[in-house]
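Undergrad: sequence and predicted structure below; questions after.
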Amino acid sequence: MSKELLNTAHNVVREARRGGADGVRATVYRYRNSQVEWRESELERVRESTTMGASLTLYLDGRYSAHSTSDMTPEGIQQFVERTIAMTRHLARDEHRRLPDPSRYQNQFRGDLQNYDPRGSASITGGDRRRIARSLVETIHASPGANQIVSAKSSCSDSIGEQATVVSNGMEGVQQNTFFFVSGDVSVRDTEDRRPRGFWSTGGVMKNMLDSPELVGREALRRALSGIGQKRLPTGTYPCVIENRAVGRLLGDLSGPLGGNAIQQQRSFLADKMGEQIASPIFTVIDDPHLPQGSNSSIFDGEGMSTRRRAIIERGVLRTFFLDTYYASKLGTEPTTGGPSNMVFQTGTRSRDEMLRAMGTGLLITGFMGGNSNAATGDFSIAIRGHYVESGEIIHPVAEMNLGGSHLELWKQVLEMGNDPHPYSSVKCPSVRFGDLQFSGV
């Protein structure tokens, strides 16, 4: 199939060049996704979709446009290219719109990314998905504390995809990927009409990376039950440990302002921080697009540029902006790539519970709810889920508390990185121990 997609991408590029385009990038793709959702004792939803299409980026006499189509017949592609070229001729010129320099396509990664499991995908039937989803919910209801359950649901999904990209100035490549995912979501009864929720999931690019649905169900219920008996705490500063699964929420607010659009338009609090200390010296983040079994691993990016491993933050110092060719040109610098792939963190030696003991008294944050973060200033305020900790032991869950402050100060308060990088995410961050942070409560 990949050869067929690559041939089609070459055909699209040839049609566009014959139509007068100076530069062309074409990507032809096919994806299949299947999902089963189960709620209580009933099958709630079944989804199955297969998508095939093409995206086309045109550069014509200083003009630029991007388009997509799902009509993959030869006649449909020809008409699609003709129409898009005609429309592009009416657009304004932009001197910064251009294809990447051909040197950026060189030295593609040749190793095995280990992110494609077609046998695993082919081995899962619709009956298997229903069985997994049903057994997860049944495990939840058969576990201790099930009498407190208000609602339990589960999801089982898997996807397989491939794409071929061809660029008129000398690039071609094929990428394939799979992903498997199972999750459980539980709400339980508490006082004052509260409904603590527990969520747990397992996922990966290879089928054998998944935990059992029984483990997922038990952990989802345990987390819901651990939220019973919430108490409010006074406003003030508290040291805290943020779990590996939760810290990605904050990291997203840190990585977003590293994008070229935000930098160029001065909507980023990090725009003038390159080479400066923005985090603790023990905080190092690597963008690794070649991570084996990484969910965002790739050999080329959205522009066709060969991917590279690079430091984002090194010992607390900002080292990388995510700049595609367009925004790099506007900023007068060299492109890197359009966005992060797998974010890999320097880890420590202690577990989450060992860090709680090192913290003594403070907060364990297990999740975030809503909130906001200002990309231009770095200020944020986010509601938390978590527990009050005393002498290293979890005492009770907390209610109605917000973590607030500035990202320019938050990451400088990192005291310790855990030894437990999150295995089921492209953000491979461990649990993190912070010094005193500002929390609003009663």
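TA: Perfect, I can see it now.
Undergrad: where along the stretch 301-442 of the chain do the strands fall?
TA: Secondary structure of the stretch 301-442 of the chain (DSSP state E, counting those that start in this stretch): strands at 310-314, 317-318, 343-345, 362-373, 379-390, 393-397, 402-406, 414-417, 427-428, 432-440.
Undergrad: can you put those strands in TSV and add distance to V24, mean pLDDT and mean neighbour count?
TA: No exception for glycine: its C-beta is placed from N, CA and C like everyone else's. Formatted as TSV, the strands of the stretch 301-442 of the chain follow (distance: least, Cβ to Cβ, whole Å; pLDDT from 0 to 100; neighbours: other Cβ atoms under 10 Å):
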stretch	distance to V24	mean pLDDT	mean neighbour count
strand 310-314	28	97	19
strand 317-318	35	98	18
strand 343-345	32	96	23
strand 362-373	38	93	18
strand 379-390	41	96	19
strand 393-397	56	96	16
strand 402-406	44	96	18
strand 414-417	45	98	20
strand 427-428	34	94	22
strand 432-440	45	97	20
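Undergrad: just send those strands back as a markdown table, with distance to S103 too.
TA: Shown next, in a markdown table, are these (distance: least, Cβ to Cβ, whole Å):
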| stretch | distance to S103 |
| --- | --- |
| strand 310-314 | 17 |
| strand 317-318 | 26 |
| strand 343-345 | 26 |
| strand 362-373 | 37 |
| strand 379-390 | 39 |
| strand 393-397 | 54 |
| strand 402-406 | 39 |
| strand 414-417 | 36 |
| strand 427-428 | 30 |
| strand 432-440 | 38 |
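Undergrad: can you show me the helices along the stretch 251-400 of the chain?
TA: Assigned by DSSP state H, counting those that start in this stretch, the stretch 251-400 of the chain shows helices spanning 260-264, 325-331, 352-359.
Undergrad: what's the most buried one of those helices?
TA: Among the helices of the stretch 251-400 of the chain, ranked by average contacts under mean count of other Cβ atoms under 10 Å, first place goes to helix 260-264 (a mean of 21).
Undergrad: ok, now how distant is S212 from G378?
TA: Distance of S212 to G378, given as Cβ to Cβ, to the nearest Å: 41 Å.
Undergrad: between those two, which is the more surrounded one?
TA: Each of S212 and G378 has its neighbours counted (other Cβ atoms under 10 Å); G378 has more, 21 against 14.
Undergrad: ok, that one touching F269?
TA: Yes - in this structure G378 lies within contact range of F269 using Cβ atoms under 8 Å: 3.6 Å.
Undergrad: overlap in contacts of these two?
TA: Residues touching both G378 and F269 (Cβ atoms under 8 Å, 6 or more residues apart in numbering): 257, 407-408.
Undergrad: between these, which is nearest S187?
TA: Using Cβ to Cβ, H407 is the member of these that lies nearest S187, at 31.6 Å.
Undergrad: quick check: the closest one vs S425, distance?
TA: Per Cβ to Cβ, H407 is found 20 Å from S425.
Undergrad: comparing the two, which residue is more hemmed in?
TA: Legend: neighbour count by other Cβ under 10 Å for H407 and S425, higher for H407 (23 against 19).
Undergrad: for G332, phi and psi?
TA: Taking degrees, to the nearest 10, you get phi 70, psi 40 for the backbone angles of G332.
Undergrad: can you give me phi and psi for V13?
TA: Here is the backbone geometry of V13 (degrees, to the nearest 10): phi -60, psi -40.
Undergrad: my read: it touches V166, true?
TA: Yes - in this structure, V13 is within contact of V166 by Cβ under 8 Å, at 5.0 Å.
Undergrad: overlap in contacts of these two?
TA: By Cβ under 8 Å, 6+ apart, the residues touching both V13 and V166 are 25-26.
Undergrad: export the helices of the stretch 251-400 of the chain to JSON lines and tack on distance to I132 and mean pLDDT?
TA: Below are these laid out as JSON lines (distance: least, Cβ to Cβ, whole Å; pLDDT from 0 to 100):
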{"stretch": "helix 260-264", "distance to I132": "40", "mean pLDDT": "95"}
{"stretch": "helix 325-331", "distance to I132": "43", "mean pLDDT": "97"}
{"stretch": "helix 352-359", "distance to I132": "28", "mean pLDDT": "97"}
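Undergrad: D190 is nearest to which of the ones you listed?
TA: Here helix 352-359 is closest among these (Cβ to Cβ), at 23.4 Å.
Undergrad: and the closest one, C-alpha only, in PDB?
TA: The C-alpha coordinates for helix 352-359 follow below in PDB (Å, rounded to 0.1, in the frame of the first residue of the first chain):
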ATOM      1  CA  ARG A 352       6.800   9.300  43.600                       C
ATOM      2  CA  ASP A 353       6.300   7.900  47.100                       C
ATOM      3  CA  GLU A 354       9.900   8.500  48.000                       C
ATOM      4  CA  MET A 355       9.600  12.100  46.900                       C
ATOM      5  CA  LEU A 356       6.500  12.500  49.000                       C
ATOM      6  CA  ARG A 357       8.500  11.400  52.100                       C
ATOM      7  CA  ALA A 358      11.300  13.800  51.100                       C
ATOM      8  CA  MET A 359       8.700  16.600  50.800                       C
END
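Undergrad: give me the angle between that helix and strand 362-373.
TA: Angle between the axes of helix 352-359 and strand 362-373 is 100 degrees (criterion: axes from the mean of the first three to the mean of the last three Cα atoms, to 10 degrees).
Undergrad: show me how the chain divides into domains.
TA: Using automatic domain parsing, the domain parsing of the chain gives 2-225, 236-440.
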